[in-house]
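Fold the following and give me the result.
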Amino acid sequence: MLIDRADGRPWDAQIAYKLIYPLRNTFVTPNYLTSLRLLCGIFAGFFFALGEYKYSNIGAFCFVLSNFLDHADGELARLKNQMSSKGHIYDLMSDAIVNILLFLGLGIGLMQTNLGTYASVMGIIAGASVAAIFYMRNDIEKNIGKKNARQPYKSGIEAEDVLYILPVITYFQLDYYFMLAAAIGAPMYCVYVIKDYLRLKN
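Numbers count the residues shown, from 1 in each chain. Reported below is the predicted structural model:
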């Protein structure tokens, strides 16, 4: 499968486009894919919350699939010319719910480690930071323009694409360190987005 380096879309969006292209003349709608993305994300949070190695790996797989489907629904909407404000809001809400559940699930699952209840607190901090980031990006996109709401992006890779390595993290049982990094990194990135949000609003 060839990826167009000149294409301005992220690499995973380009791959998603090629995979869902055969669905353009079927009954499948973008909202079907968004719902499947949301369902996979809910399962991911649930499996992570169980706190066992095998379930964490299943959760990581569910999350990666969910993350990939996040691009597939948008690509199908453009292919079928079925873009709508309601569909966009549904997509954004699904994004926020899936990412929040990821960190909450991780935090609950890691309560069995020496982090104890601190793990759930860290999950809440990371999840709340992600929720705030999604809110501000949505507000920027709605009131200022989609271009201004775009994530840090380079060579076809967006900031959130780092989450595609989640199966590697769970396989090598690095969930503990990932949670620590998220509890520190998510609030720091949230502060960056807040500064950008206030700058653009003014």
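
contacts, neighbours, all on C-alpha from now
Noted.

surely residue 66 meets residue 43?
No - using CA atoms under 8 Å, residue 66 is not in contact with residue 43; the gap is 9.6 Å.

Between these two, which has more neighbouring residues?
Neighbour count, other CA atoms under 10 Å: between residue 66 and residue 43, residue 66 has more, with 28 against 22.

Pull the contacting residues for residue 44.
For residue 44, the contact set (CA atoms under 8 Å, 6 or more residues apart in numbering) comprises 58, 59, 60, 61, 62, 63, 101, 102, 105.

tally of neighbours for the last one?
Same thing as residue 105. Neighbours of residue 105 using other CA under 10 Å come to 27.

One more: the fifth one?
A count of nearby residues for residue 62, using other CA under 10 Å, gives 22.

and it, how far is that from residue 79?
25 Å (CA to CA, to the nearest Å).

now the third one
Residue 60 sits 29 Å away from residue 79, going by CA to CA.

out of those two, which sits in the busier spot?
Taking other CA under 10 Å, residue 60 and residue 79 do not tie; residue 60 has more neighbours (27 against 17).

How about the contacts made by that one?
44, 48, 166, 167, 170.

TSV please, covering these and showing pLDDT and distance to residue 199.
Output for the contacts of residue 60, formatted as TSV (pLDDT from 0 to 100; distance: CA to CA, whole Å):
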residue	pLDDT	distance to residue 199
44	98	35
48	97	37
166	95	33
167	96	36
170	97	38
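
mind showing which ranges of the chain have poor pLDDT?
Within the chain, the segments meeting pLDDT under 70 span 1-8, 145-156, 159.

which residues in it form strands?
Remark: strands assigned in the chain by DSSP state E are 153-154, 157-158.

Pull the number of nearby residues for the closest residue to residue 127 other than its chain neighbours.
Excluding its sequence neighbours, the residue lying closest to residue 127 (CA to CA, 6 or more residues apart in numbering) is residue 100, at 4.4 Å. Using other CA under 10 Å, the number of residues around residue 100 comes to 23.

if I read this right, residue 100 contacts residue 128, doesn't it?
Yes - between residue 100 and residue 128 there is a contact under CA under 8 Å: 7.1 Å.

So which of the contacts of residue 60 sit within helices?
Using DSSP state H, the subset of the contacts of residue 60 located in helices is 44, 48, 166, 167, 170.
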